[in-house]
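# below are the sequence and a predicted model; questions follow.
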Amino acid sequence: MSDSVNSPETFGATGTADAPGTALPASGAPVQQVRAKGEPRFPDGPQPDPAGSHFERRIRSFQPRRSRVTTGQADALQRLWPKWGLDIDGQRVLDLGELFGNDRPVVLEIGFGMGEATAQMAAGDPGTNILAVDVHTPGQGNLLALAERGGLTNVRVGNGDAIILLREMLRPDALDGLRVYFPDPWPKKRHHKRRLIQPEFLGLAATRLRPGAIVHCATDWEPYAEQMLEVLGAHPDFENTVPGGGFAPRPAHRPLTRFEGQGLDKGHVVNDLLFRRVER
């Protein structure tokens, strides 16, 4: 569920072999498909760089990561993207009621990894819509498949830069919550400027969050947790929901993820932060 996967990139193509005598891969196995130069991997799926060169280049909080797409994930992308997918191109302002087909509260999740926790949260709270943003193609396909399997009509999958989504495509007070779970900690000091939770990002997010909306962050990197606590605590648009300040216990609605479990097995300490958007 790391923000490190929220980046434009290219991955191994998928498909099925049809040459005589070639064995078809088992369902869900990563496979290779030869494509003509310039041919899109998923003609009806997420675009490799939806915003293109329309917006300025800047330091980003994510880094590319290559990974294979399974046949099941590719199938979900082809079939379900036109219905439940969204390319973040920055060219229009979204009507979230139209996007989800209802007027329920919408929570934005930035960086959902393979989507297991997102699907669990959507199933546990069908009255809340989740707009889950990442650029990790296998994760996008996996979340779409999980949503279909679970009948989760309250999930939409965004492909692209969450900053462009917030700045260009969402109306003021459009969101009822923001979730950032296990973003890339960028541990080296010279890379701290790449961390997502910064005053500038919070200022932008505050314009899209209605008063009372909750910002929920979680990380297993303690120095980053301390920085998050400091930056959120100093921001005038947010207040800590924990009496007296400090970190919050993990709320029941946030599942224990596989990524988190691996960190706990290594002795990492996971910290949750729950801050409320205040009215000014």
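Happy to help now that I have it. Numbering: from 1, shown residues only.

# now the longest strand seen in the chain: buried residues?
Criterion DSSP state E: the longest strand present in the chain is strand 209-219. Neighbour counts using 16 or more other C-beta atoms under 10 Å place 209, 213, 214, 215, 216, 217, 218, 219 of strand 209-219 among the buried residues. The C-beta positions use only the backbone N, C-alpha and C, and glycine is treated the same way.

# in PDB, list the C-alpha atoms belonging to the next helix or strand after it.
Next helix or strand after strand 209-219 toward the C-terminus (DSSP states H and E): helix 222-234. C-alpha atoms of helix 222-234 as PDB (Å, rounded to 0.1, in the frame of the first residue of the first chain):
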ATOM      1  CA  GLU A 222       9.200   6.000  12.800                       C
ATOM      2  CA  PRO A 223      11.100   9.100  11.600                       C
ATOM      3  CA  TYR A 224       8.500   9.700   9.000                       C
ATOM      4  CA  ALA A 225       5.800   9.200  11.500                       C
ATOM      5  CA  GLU A 226       7.300  11.900  13.700                       C
ATOM      6  CA  GLN A 227       7.600  14.200  10.800                       C
ATOM      7  CA  MET A 228       3.900  13.500   9.900                       C
ATOM      8  CA  LEU A 229       2.900  14.300  13.400                       C
ATOM      9  CA  GLU A 230       4.900  17.500  13.500                       C
ATOM     10  CA  VAL A 231       3.600  18.700  10.100                       C
ATOM     11  CA  LEU A 232       0.000  17.900  10.700                       C
ATOM     12  CA  GLY A 233       0.100  19.200  14.200                       C
ATOM     13  CA  ALA A 234       1.400  22.600  13.000                       C
END
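
# any weak-confidence spans in the chain?
For the chain, applying pLDDT under 70 flags the ranges 1-40, 53-66, 186, 191.

# what sits up against the helix or strand hosting residue 98?
Per DSSP H and E: residue 98 is located in helix 96-100. Surrounding helix 96-100, the residues in contact under the criterion C-beta atoms under 8 Å, 6 or more residues apart in numbering are 86, 103, 106, 129, 131, 154, 156, 170, 174.

# export only the CA atoms of it, formatted as CSV.
Output of helix 96-100 as CSV, limited to C-alpha atoms (Å, rounded to 0.1, in the frame of the first residue of the first chain):
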residue,chain,number,x,y,z
LEU,A,96,-18.2,12.5,-7.9
GLY,A,97,-22.0,11.8,-7.6
GLU,A,98,-22.0,10.9,-11.3
LEU,A,99,-18.7,8.9,-11.0
PHE,A,100,-20.2,6.7,-8.3
